[in-house]
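Engineer: Next input, structure requested:
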Amino acid sequence: AIVLLASFITNSIIDFTNAPLAGFVFQIVIITFILLLFGEIMPKVLATNKPLSFARLVAFPIHTLIRLLKPLNSILISSTSRIGKRFAPRKNISMDELSDALDITTDGITEEKKILHGIVNFGNIMVSEIMKPRIDVVAVEDDTSFSDLKKIVVESGYSRIPVFQNSFDGVKGILYVKDLIPFIEKDNSFRWQNLIRSPYFVPESKKINDLLAEFQQKRIHMAIVVDEYGGKNGIITLEDILEEIVGEISDESDDDVQLYSKIDNLNYLFEGKVQLNDFCKVVSCDDDIFDDIRGDAETLAGLILEITGQIPTKNELVRHKNFNFTIDAVDNKRIKRIKVQIIPTNDDGSKK
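Structural biologist: Take a look at the predicted model:
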């Protein structure tokens, strides 16, 4: 701006119409050199050699100019800011970009990073990935005697228990243990079935962030998970959802059931029913590493069945990518335990 202003003043004083080359040399080369010498180089040299004296010399003029030009400066800054907000394109950060940003942070905030990763991935997790499968659900049949019901409640330690008729596919409702407390001294003829509350059904494909909002709106803590044919696949609780953010939540009533044991850094022993989502967290691999083969599988045992197409035999070895799965325990119905060996890979993805 100063160069342009100096060129304008020079053209007003001196006419270079007949000597355009001389005008170019004078206006661009000579004026630029003078401005750099007296406006950039000389002040820096003086300020370096005599900083205190130079500061005293220029402090008052600079302070005066700042006060004089403050109104104009404020107008220019505010107008520029408004124009920038109005016309500047908004850049939306994708979840993948945010996840990558978390991966390159320092290792000093491991726990905080896990929580942030849980928040980032929260909207991508479906109910079927974290639900408790029906085979592991503690439920009671509607014709159970009151004495037997009390035993089940005490042994399970749960505060909410599904009630079904004939089979789990015939879920009739949820029994809240707190509703039983006023009638705990009743005899075996007590009709506890009158205390059953209506169940809340959710599809297995629902995202857990949407389900969390529904739990908050309806003020409930448990839902029955159904498939596309209406079959009951299991249950999901508010605790299951929150654990995806903050990690495992344990209380005094929880049994210390280990779904895996770590042999060393590259070898593990997993229960077949462990969720693939939890498996990936334990072995520190990407959540989508099995997307090309998992199909509808949500557990490690289900993944093995997808790979083999049949129930494997004991000690059978199944290889996939950089994992070696060895069947440790199996029966005619399901895979119970699996040994997992992780094969180290190079940066290009090839096995070492």
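Engineer: Okay, and residue 210 sits in which element?
Structural biologist: helix 208-218 (DSSP states H and E).
Engineer: same for that helix, what does it pack against?
Structural biologist: Using 3 or more C-beta pairs under 8 Å, 6 or more residues apart in numbering; DSSP states H and E, the elements in contact with helix 208-218 are helix 127-130, helix 238-246. For glycine as for every other residue, the C-beta is placed from the backbone atoms N, C-alpha and C.
Engineer: List the buried residues in it.
Structural biologist: Across helix 208-218, burial judged by 16 or more other C-beta atoms under 10 Å covers 208, 211, 212, 215.
Engineer: just checking, the second one touches residue 241?
Structural biologist: Yes - under the criterion of C-beta atoms under 8 Å, residue 211 makes contact with residue 241 at 6.6 Å.
Engineer: right, and the helix or strand after the helix holding residue 210?
Structural biologist: strand 222-226.
Engineer: Can you show me the CA trace of that following strand as CSV?
Structural biologist: The C-alpha coordinates for strand 222-226 follow below in CSV (Å, rounded to 0.1, in the frame of the first residue of the first chain):
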residue,chain,number,x,y,z
MET,A,222,-34.1,-51.3,29.5
ALA,A,223,-35.4,-52.3,26.1
ILE,A,224,-36.1,-55.6,24.4
VAL,A,225,-34.1,-56.0,21.1
VAL,A,226,-36.1,-57.5,18.2
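Engineer: What lies in contact with it?
Structural biologist: Applying C-beta atoms under 8 Å, 6 or more residues apart in numbering, the external contacts of strand 222-226 come out as 127-128, 131, 160, 162, 171, 174, 199-204, 211, 215, 232-238.
Engineer: just stretch 279-297 next, same as before
Structural biologist: 121, 124, 260, 268, 270, 276-277, 300, 302-303, 305-307, 320-321, 340, 342.
Engineer: Now with 6 Å, please.
Structural biologist: The contact list for stretch 279-297 (C-beta atoms under 6 Å, 6 or more residues apart in numbering) reads 260, 300, 303, 306, 307.
Engineer: For the third one, give its distance to residue 244.
Structural biologist: To tie it back to what came earlier, the one meant is residue 303. 19 Å (C-beta to C-beta, to the nearest Å).
Engineer: now the strands: where do they sit in the stretch 201-350 of the chain?
Structural biologist: In the stretch 201-350 of the chain, the strands defined using DSSP state E, counting those that start in this stretch lie at 201-203, 222-226, 232-237, 260-264, 267-271, 317-320, 323-330, 335-342.
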